[in-house]
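Student: Kindly return the folded structure for what I paste below:
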Amino acid sequence: MALIKELLGKTPQFGENCFLADNATVIGDVAMGKNCSIWFNAVVRGDVHYIRIGDNVNIQDNVTIHTTYKKAPTNIGNNVSIAHNAVIHGSTIHDNVLIGIGAILLDDVVVESNSIIAAGALVTKGTVVESGSVYAGVPAKKIKSISPELLEGEINRIANSYIMYAEWYK
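Tutor: Below is the predicted model of the structure:
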């Protein structure tokens, strides 16, 4: 059973039809919408600031989501996929976003809607990822605009697939 831990009077809240893997960890001031999933070894730690997560969000294996004490909360919109081993720290992610495997988002990053952060990218403090773009590299920079094929074939496909995968485990 997942570790769901109250801390400092704050208990994580979950919407309808969420899946938490047996060894997922969710602590403190965390609120999640419906049809979300938190996969194996993922940690969502709302201990020093709040974390808000929309609907249809998948947080894949070994992801870490955290905040900065009294400075940088984490806000995640709807229809977001955060791939294996990514780190989201004090960032804001809008709707319809794919965060690639091993990507790192630092404090005060804003990822606008309909965007992709490539695998292994390092998005440095305060970066604003413009809507409809793909960012890659270390440090991450815009490499191209999102095509309709990428929006449907990657962002939406992965988000929808993880809703299906979660049903297999329930």
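
Student: Convert stretch 135-152 to CSV, retaining C-alpha atoms only.
Tutor: Taking Å, rounded to 0.1, in the frame of the first residue of the first chain, the C-alpha atoms of stretch 135-152 are listed here in CSV:
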residue,chain,number,x,y,z
TYR,A,135,12.6,22.4,-25.1
ALA,A,136,15.7,20.2,-24.9
GLY,A,137,19.3,20.3,-23.8
VAL,A,138,21.4,21.4,-20.8
PRO,A,139,20.4,24.1,-20.2
ALA,A,140,17.1,23.5,-22.0
LYS,A,141,16.3,25.8,-25.0
LYS,A,142,13.5,25.8,-27.6
ILE,A,143,14.4,23.5,-30.4
LYS,A,144,11.1,23.5,-32.3
SER,A,145,7.3,24.1,-32.2
ILE,A,146,4.8,21.5,-31.5
SER,A,147,3.1,20.0,-34.5
PRO,A,148,-0.5,18.6,-34.3
GLU,A,149,1.1,15.1,-34.7
LEU,A,150,3.2,15.6,-31.6
LEU,A,151,0.3,17.0,-29.6
GLU,A,152,-2.0,14.0,-30.5
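
Student: Kindly confirm my reading that Val134 is in a strand.
Tutor: Yes: remark: Val134 belongs to a strand, assigned using DSSP: H, G, I helix; E, B strand; the rest coil.

Student: Make sure it is actually in contact with Val111.
Tutor: No: at 11.2 Å, Val134 does not count as touching Val111 under the criterion of Cβ atoms under 8 Å. No exception for glycine: its C-beta is placed from N, CA and C like everyone else's.

Student: ok, the two, which is more surrounded?
Tutor: Val111 (29 against 21; other Cβ atoms under 10 Å).

Student: beta partners for that one?
Tutor: Counting by DSSP bridges, Val111 forms beta bridges with Ile93, Val129.

Student: contacting residues around it?
Tutor: The contact partners of Val111, taken as Cβ atoms under 8 Å, 6 or more residues apart in numbering, are 91-94, 97, 99, 105, 117, 123, 129.

Student: Same question for Ile93.
Tutor: Contacts of Ile93 (Cβ under 8 Å, 6+ apart): 75-77, 80, 82, 99, 105, 111.

Student: Now do the same for it: its pLDDT.
Tutor: In this model, Ile93 is scored at 98, pLDDT.

Student: Gly153 now?
Tutor: Among the per-residue scores, Gly153 shows a pLDDT of 88.

Student: a helix runs through it, doesn't it?
Tutor: Yes: checked against three-state DSSP, Gly153 lies within a helix.

Student: Neighbours of it, how many?
Tutor: Gly153 is flanked by 11 other residues according to other Cβ under 10 Å.
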